[in-house]
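Chemist: only the shape, not the letters, is given here:
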């Protein structure tokens, strides 16, 4: 009988964005991207996999609900890993015929505006690779499930190389620095109250790649230069340069989405107010102390150093009041808020209540980890617990 393999994997937040694919099926991006891997103690996906001779079919359960295994991206990952196992003869021939059960869950709500698929597919390929005992670049395998998943294979700051080969074999992620290199770095995720986005990321990428005249300049000129500069800033722990490049890339990414036809609009009035407040705060401080970045949605991710966290949380508390302070800040322990004198002279007015649902306070963390037997999501019969 097969053992159950369980893995925990992290979310990542890009500071230089990937948008648009050179190959849709293989999920090969038009440009490089750079991200920070977030601490799995605060946010993670957890996956258990098991193969047995008595299983009738491949099955998958996501967050307690059974889903179809016919999903093309899931199938791509399964087929590729089984193919490598056959090639490497890493398991017995009989084992390759056994069906597999997969159970996965996130410890953060999907409504948080964070790409759960990145953590989910990083988990899945790490678990399946161990189950089938294959040796391969896991970032290349994770990319087949979700582009950004390849970056969740590593901790710290990670660069996903777009590559040039038609088969995508050089479109892999590499670690820039580990999680301890810039240990003071913190992240505040401002979960903006909003309904489901009107245009999915996949659709938005396709429309933008096909219709935007801006994207060619982004792919060929601005991103290549920006990626090198931000990797250098990360290595040197140069927050001023890091912050400026992060915000410029977020702005350019959303401008490129707006240049699509029809336009892809992801930011809301609340998102724009967060941008305004961050620039106001940095101006008052005399240099960048916090950087915003927005993926394809209204939720903001703020990068800042640990000593700025009390002040920036006070800023959020002032401009985005919550009707319930209970559990407004989730994740790492909330520091004591600090009084900011220059807020009294601000011409920016506080917003209405609850425009930000809550804040997730976290830090840069490590890549996927194999869990102990007590942490399995499947029972001894291969069914969800």
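Modeler: In hand now; what should we look at? These figures come from a predicted structure and were not determined experimentally. Residues are numbered from 1 along each chain as shown.
Chemist: how about stretch 37-57: buried residues?
Modeler: Within stretch 37-57, the residues that count as buried by 16 or more other CB atoms under 10 Å are 37-40, 42-51, 55. For glycine as for every other residue, the C-beta is placed from the backbone atoms N, C-alpha and C.
Chemist: any idea how far residue 296 lies from residue 285?
Modeler: Separation of residue 296 from residue 285 (CB to CB, to the nearest Å): 29 Å.
Chemist: where do the helices sit along the chain?
Modeler: Here the chain has its helices, by DSSP state H, at 72-88, 93-97, 116-131, 138-143, 201-211, 214-217, 223-236, 239-258, 269-285, 309-319.
Chemist: among those helices, which comes closest to residue 163?
Modeler: Taking CB to CB, helix 138-143 is the member of the helices of the chain nearest to residue 163, at 9.5 Å.
Chemist: what's that closest one packed up against?
Modeler: Where contact means 3 or more CB pairs under 8 Å, 6 or more residues apart in numbering; DSSP states H and E, helix 138-143 is packed against helix 72-88, helix 116-131, strand 173-177.
Chemist: list the helices and strands the first one packs on?
Modeler: Using 3+ CB pairs under 8 Å, 6+ apart as the contact criterion, the neighbours of helix 72-88 among helices and strands are helix 93-97, helix 116-131, helix 138-143.
Chemist: I'd like these as CSV, with mean pLDDT appended.
Modeler: Shown next, in CSV, are the helices and strands packed on helix 72-88 (pLDDT from 0 to 100):
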stretch, mean pLDDT
helix 93-97, 95
helix 116-131, 96
helix 138-143, 97
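Chemist: which one of those lies closest to residue 358?
Modeler: Judged by CB to CB, the one of these that comes nearest to residue 358 is helix 116-131, at 16.7 Å.
Chemist: now that closest one against helix 201-211, angle please.
Modeler: Relative orientation of helix 116-131 and helix 201-211, computed by axes from the mean of the first three to the mean of the last three CA atoms, to 10 degrees: 110 degrees.
Chemist: on that earlier part again, how about a markdown table for the helices and strands packed on helix 72-88, with mean neighbour count added?
Modeler: Formatted as a markdown table, these follow (neighbours: other CB atoms under 10 Å):
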| stretch | mean neighbour count |
| --- | --- |
| helix 93-97 | 12 |
| helix 116-131 | 27 |
| helix 138-143 | 26 |
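Chemist: got any ranges where this structure has weak pLDDT?
Modeler: Confidence mapping of the chain against pLDDT under 70 gives the ranges 1-2, 109-113, 194-196, 325.
Chemist: what residues go with each domain of it?
Modeler: Domain assignment for the chain by automatic domain parsing gives 5-179+371-375, 185-363.
Chemist: end to end, how far does the first one reach?
Modeler: Right, the one you point to is domain 5-179+371-375. Counting by CA to CA, to the nearest Å, you get 10 Å between the two ends of domain 5-179+371-375.
Chemist: check the offset of that domain from the chain's centre.
Modeler: Relative to the centre of its chain, domain 5-179+371-375 is centred 12 Å away, using CA atoms, centre = their mean, to the nearest Å.
Chemist: stretch 280-297 too?
Modeler: Remark: stretch 280-297 is offset 20 Å from the chain centroid, using CA atoms, centre = their mean.
Chemist: more crowded one of residue 296 and residue 285?
Modeler: Higher neighbour count among residue 296 and residue 285: residue 296, with 23 against 14, using other CB atoms under 10 Å.
Chemist: what residues are up against the nearest residue to that one once chain neighbours are set aside?
Modeler: The shortest distance from residue 296 to any non-neighbouring residue, by CB to CB, 6 or more residues apart in numbering, is to residue 201 (4.5 Å). By CB atoms under 8 Å, 6 or more residues apart in numbering, the contact set of residue 201 is 115, 295, 296.
Chemist: reformat those as TSV; add distance to residue 342.
Modeler: Formatted as TSV, the contacts of residue 201 follow (distance: CB to CB, whole Å):
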residue	distance to residue 342
115	35
295	30
296	33
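Chemist: now, which of the residues you listed sits nearest residue 154?
Modeler: If you rank the contacts of residue 201 by distance to residue 154 using CB to CB, residue 115 comes first, at 15.9 Å.
Chemist: the residue nearest to that closest one when sequence neighbours are not counted: how many residues sit nearby?
Modeler: Among residues not flanking residue 115 along the chain, residue 148 sits closest, at 5.6 Å (CB to CB, 6+ apart). Close neighbours of residue 148, defined as other CB under 10 Å, add up to 29.
Chemist: from residue 40, how far off is residue 148?
Modeler: Distance, residue 148 to residue 40, using CB to CB: 16 Å.
Chemist: residues touching residue 259, list them.
Modeler: Taking CB under 8 Å, 6+ apart as the test, what residue 259 contacts is 208, 212, 213, 214, 215.
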